[in-house]
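**Student:** just the structure for this:
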Amino acid sequence: MTDDREEGLEKRRAQLGAELATKRVEAGKEEAVEASAEASRKGYAEAMKLSSEFISAIVVGAVLGYLLDRFVGTAPWGMIVLLLLGFCAGVLNVLRAAGKVAKPDPGERQNGGK
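**Tutor:** This is a model prediction of the structure:
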């Protein structure tokens, strides 16, 4: 009777071990899928950040140009010049955020670029 009970317990332990191994494999697959999804979300977040920086620089340039034209009376020239400056600032911001252009070092400004 004791042998039957021990055999049953051993059989149950082996069955639970197999189920546990299966669950561990499934959990590993789920972690890999989650890591892939996390990388994708980070990519989307970076794209949204870069696009919003670019668009906001252009909009700010256009608004400042419009206001300059409105109050100074320089017809379309203020808008054209500041819109182009906004575009250039937007491109520079995107390149800096993407790591393609180095950010200016504050120490170089104080030392006169030495």
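**Student:** give me the number of residues near residue 49?
**Tutor:** Residues near residue 49, counting by other Cβ atoms under 10 Å, number 13. C-beta here means a position set from N, CA and C on the backbone, and glycine is covered the same way.
**Student:** quick one, strands of the chain?
**Tutor:** Using DSSP state E, the chain contains no strands.
**Student:** so which residues of it form helices?
**Tutor:** Ranges of helices in the chain, per DSSP state H, are 2-72, 77-98, 106-110.
**Student:** pick the most buried one from these.
**Tutor:** Neighbour counts (mean count of other Cβ atoms under 10 Å) averaged over each of those peak at helix 77-98, with a mean of 16.
**Student:** which strands and helices sit next to that helix?
**Tutor:** helix 2-72 (3 or more Cβ pairs under 8 Å, 6 or more residues apart in numbering; DSSP states H and E).
**Student:** now the helices of the chain as CSV including mean pLDDT?
**Tutor:** Shown next, in CSV, are these (pLDDT from 0 to 100):
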stretch, mean pLDDT
helix 2-72, 87
helix 77-98, 93
helix 106-110, 67
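**Student:** how about the backbone phi and psi for residue 99?
**Tutor:** Backbone torsions of residue 99, given as degrees, to the nearest 10, read phi 90, psi 10.
**Student:** that one: neighbouring residues, count only.
**Tutor:** Neighbourhood size, residue 99 [other Cβ under 10 Å]: 8.
**Student:** in the protein, which residue is closest to the centre?
**Tutor:** In the chain, the C-alpha nearest the mean C-alpha coordinate belongs to residue 46, at 2.7 Å (Cα atoms, centre = their mean).
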